[in-house]
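In: Model the following, please.
(chains A and B)
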Amino acid sequence: MSGGSIRISRRRLLGAGALGAGGAILSGCDRLNASPAFRGLIESAEGLHMRSQRLIAGRDALAREFAETDMSPVFRANGTREVADGLYRANLAAGFAQWTLAIGGLVRRSLSLSLAALMALPQREQITRHDCVEGWSAIGKWQGPQLSRILAMAGLLPDARYIVFHCADRYGEAPYYESIDLIDAFHPQTILAWRMNGAPLTQAHGAPLRLRVERQLGYKHAKYVMRVEARASLAGLYGGRGGLWEDRAGYEWYAGI
Amino acid sequence: MDKPGAADAQEPRSGDLVRRHRLSTRLWHWTNAVALLVMLMSGLMIFNAHPRLYWGEYGANFDSAWLQIGATSGGEGVLRIGDSSWRTTGLLGVWTDGDGTVRRNAFPGWATIPSTYDLASARVWHLAFAWVLSLGLLIYLSWSLVDGHIRRDLHIVRAEWRLSHIWRDVKDHARLRFPAGIAALRYNVLQKLAYAGVLFGLLPLVIVTGLAMSPGMDAAWPWLSAIWGGRQSARSLHFLAAFGLVGFFAVHIVMVLLSGPINQVRAMVTGRFRLPVDRA
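Out: Next comes the predicted model:
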């Protein structure tokens, strides 16, 4: 936005403040919301959230795990429930028998792992609460290999700082993607789940593979993961904010709150 | 020593302009007023993203909600609590915005930040002002403990706990009989209960239940959501505490208007309060 438009919005804001009525307060808030300077200020709280939570939680503090009797009777599927991509649909029809997960970017060895290979790795099973940014929660059981094990197989290069998950679903033209830093990537509960509530993932829940990053909100748990990429920076990747919802609507990259 | 203004050589009389609110109280009052208004309005927008409340750890569309705001198939707004429901078209569920467009969100645009549906922005506002609210309360309570405000002005002494005393205060309020002269400088027991209830009850409750909804905080402190019976219970209590604060605000404004709004607002801005003259 240009400097001119900021000046106009400030002048209008002063005018609105002079009226002092409820409606003026509200339109003032909408104008503040659109002001890059004010947005920058209130968005800076995100760093405070991440640093303060990491300070008190410690690197490996576990999200609460529950008993089978605590599980939601029906686990709501949200976001994409059907993937349009042709290659994805062919893999889905074939039960993902020919499908492979690609691991690349800043790694010593790029990998291509079949679903059978992922299932053959040591598994972690966890019953956790999924918290959507909208406010609802569902408790489900997830199983898959730890991401840390797969990253260890590939061997991260020293410059790697972020792990990006490239997905098969799209919102309009934009492909879904998400990213986490190495603290969450190497957290013991961070798994690539292929099994949910005792059965292979359904399409609505992200078949064949979905990220579980249990200390953050639902939109970080990327579904339909096709490729894992280690990167030094999130800049230059799509909108540069580290995820589709971050780029598209300004949701926080650190979604621990 | 207990009477504010007792340090003056002469005891102030009705009509005198005296010192009332300390700077710490005035600063916090207005900071908190802005923070609470932003928290409420951005919070209502966040609620609009999923206008259903549950008890327990989980809760989503397939689970039963104890409170729900929505629309009927006939396009009427509905508030449902338990088995009761009310038509709320125009106010909740279905309403018309400033441009004449019919909207189907729980709370209307005039009550939310931003005024049109935007969960991401509402969260940015809410979670930034949460720091202002929490740190403001923490600093103010610590300061008030040190400077004696809590002990001197908010502490409810044994005589005030007597039911007969409380009942007389209720009757005085009902008759709109407010104290005059130097007695107006002291909080009565209902005022003390209201202010203490907000400072030590509703505000801490709204902050802690808010934190309990954070998955990161729950990993750090698993008891944080467990003590409320789960995350969705914490979310319900967060909503109820917020409306408890709205209730306090409504009574607060009415009392200010009834007891001389200009004098009261001046006292909260400049600290100076004119002792009311007995109307009798």
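In: so how far is stretch B:13-30 from its chain's centroid?
Out: 21 Å (Cα atoms, centre = their mean, to the nearest Å).
In: contact partners of that stretch?
Out: Applying Cβ atoms under 8 Å, 6 or more residues apart in numbering or on different chains, the contact partners of stretch B:13-30 are B:4-5, B:12, B:136, B:139-140, B:143-144, B:147, B:149, B:180-182, B:185, B:267-269, B:271-278. (Each C-beta comes from the backbone N, C-alpha and C, glycine too.)
In: run the last query once more with 6 Å
Out: B:5, B:12, B:136, B:140, B:143, B:180-181, B:267-268, B:271-275, B:277 (Cβ atoms under 6 Å, 6 or more residues apart in numbering or on different chains).
In: what does stretch B:175-189 give?
Out: Contacts for stretch B:175-189 (Cβ under 6 Å, 6+ apart): B:4, B:14, B:153, B:160, B:166, B:169, B:258, B:259, B:275, B:276, B:277, B:278.
In: residue ranges with poor pLDDT in chain B?
Out: Along chain B, the parts satisfying pLDDT under 70 run over B:1-9, B:279-280.
In: near chain A, which residues of it?
Out: B:49-50, B:58, B:60-62, B:113-115, B:120-121, B:124, B:127-128, B:214-216, B:219-220, B:222, B:231-232 (Cβ under 6 Å from any Cβ of the partner chain).
In: Can you name the residues that contact residue 92?
Out: By default, I'm working from chain A. No contacts exist for residue A:92 under Cβ under 6 Å, 6+ apart.
In: Can you look at chain B instead?
Out: B:69, B:77, B:79.
In: what about the nearest residue to the first one once chain neighbours are set aside, how many residues close to it?
Out: Read it as residue B:69. Ranked by Cβ to Cβ, 6 or more residues apart in numbering or on different chains and with sequence neighbours excluded, the top spatial neighbour of residue B:69 is residue B:106, at 3.8 Å. For residue B:106, the count of nearby residues is 25 (other Cβ atoms under 10 Å in any protein chain shown).
In: In the stretch 151-280 of chain B, mark out all the helices, start to finish.
Out: B:158-161, B:163-174, B:189-196, B:203-212, B:215-220, B:223-226, B:231-258, B:261-270 (DSSP state H, counting those that start in this stretch).
In: repeat for the stretch 51-200 of chain A
Out: All helices of the stretch 51-200 of chain A, identified by DSSP H, counting those that start in this stretch, fall at A:86-93, A:115-120, A:147-154, A:182-185.
In: Next, format these as a markdown table and append mean pLDDT and distance to residue B:83.
Out: A markdown table is the format used below for those (pLDDT from 0 to 100; distance: least, Cβ to Cβ, whole Å):
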| stretch | mean pLDDT | distance to residue B:83 |
| --- | --- | --- |
| helix A:86-93 | 98 | 43 |
| helix A:115-120 | 98 | 47 |
| helix A:147-154 | 98 | 46 |
| helix A:182-185 | 98 | 43 |
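In: Could you dump these into TSV and include distance to residue A:228?
Out: As requested, the helices of the stretch 51-200 of chain A are arranged in TSV below (distance: least, Cβ to Cβ, whole Å):
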stretch	distance to residue A:228
helix A:86-93	17
helix A:115-120	11
helix A:147-154	7
helix A:182-185	9
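In: which residues sit in contact with the one residue in chain B that gets nearest to chain A?
Out: Closest to chain A within chain B is residue B:216: 2.7 Å, counting by Cβ to the nearest Cβ. Residue B:216 makes contact with A:53, A:215, A:256, A:257 under the criterion Cβ under 6 Å, 6+ apart.
In: wait, isn't residue B:35 in contact with residue B:134?
Out: No: counting by Cβ atoms under 6 Å, residue B:35 sits too far from residue B:134 to count as a contact (9.1 Å).
In: Looking at these two, which one has more neighbours?
Out: Per other Cβ under 10 Å, whichever of residue B:35 and residue B:134 has more neighbours is residue B:35, with 21 against 18.
In: The helix or strand encompassing that one: what's the following helix or strand?
Out: Taking DSSP states H and E as the definition, residue B:35 sits inside helix B:23-49. Sequence order places strand B:52-53 as the next helix or strand after helix B:23-49, per DSSP H and E.
In: Strand partners (parallel or antiparallel) of that next one?
Out: strand B:67-71 (antiparallel) (DSSP bridges).
In: can you state the direction angle for the partner strand and helix B:231-258?
Out: 80 degrees (axes from the mean of the first three to the mean of the last three Cα atoms, to 10 degrees).
In: Tell me which residues are up against strand B:67-71.
Out: B:51-53, B:77-81, B:92-94, B:104, B:106.
In: next one: stretch A:96-109
Out: By Cβ under 6 Å, 6+ apart, stretch A:96-109 touches A:91, A:110-115, A:154-155, A:157, A:159-160, A:208, A:227-231.
In: Tell me where the stretch 1-150 of chain B has strands.
Out: Listed in chain order, the strands of the stretch 1-150 of chain B (DSSP state E, counting those that start in this stretch) span residues B:17-19, B:52-53, B:67-71, B:77-81, B:84-87, B:95-96, B:102-103.
In: For chain A, which residues are neighbours of chain B?
Out: So chain A meets chain B at A:26, A:29-30, A:33, A:42-43, A:45, A:53, A:56-57, A:61, A:63-64, A:72, A:74, A:76, A:131, A:134-139, A:215, A:249-251, A:256-257 (Cβ under 6 Å from any Cβ).
In: Mark which of these are buried, thanks.
Out: Buried by 16 or more other Cβ atoms under 10 Å in any protein chain shown: A:26, A:29-30, A:33, A:42-43, A:45, A:53, A:57, A:61, A:63-64, A:72, A:76, A:131, A:134-139, A:215, A:250-251, A:256-257, out of the residues of chain A next to chain B.
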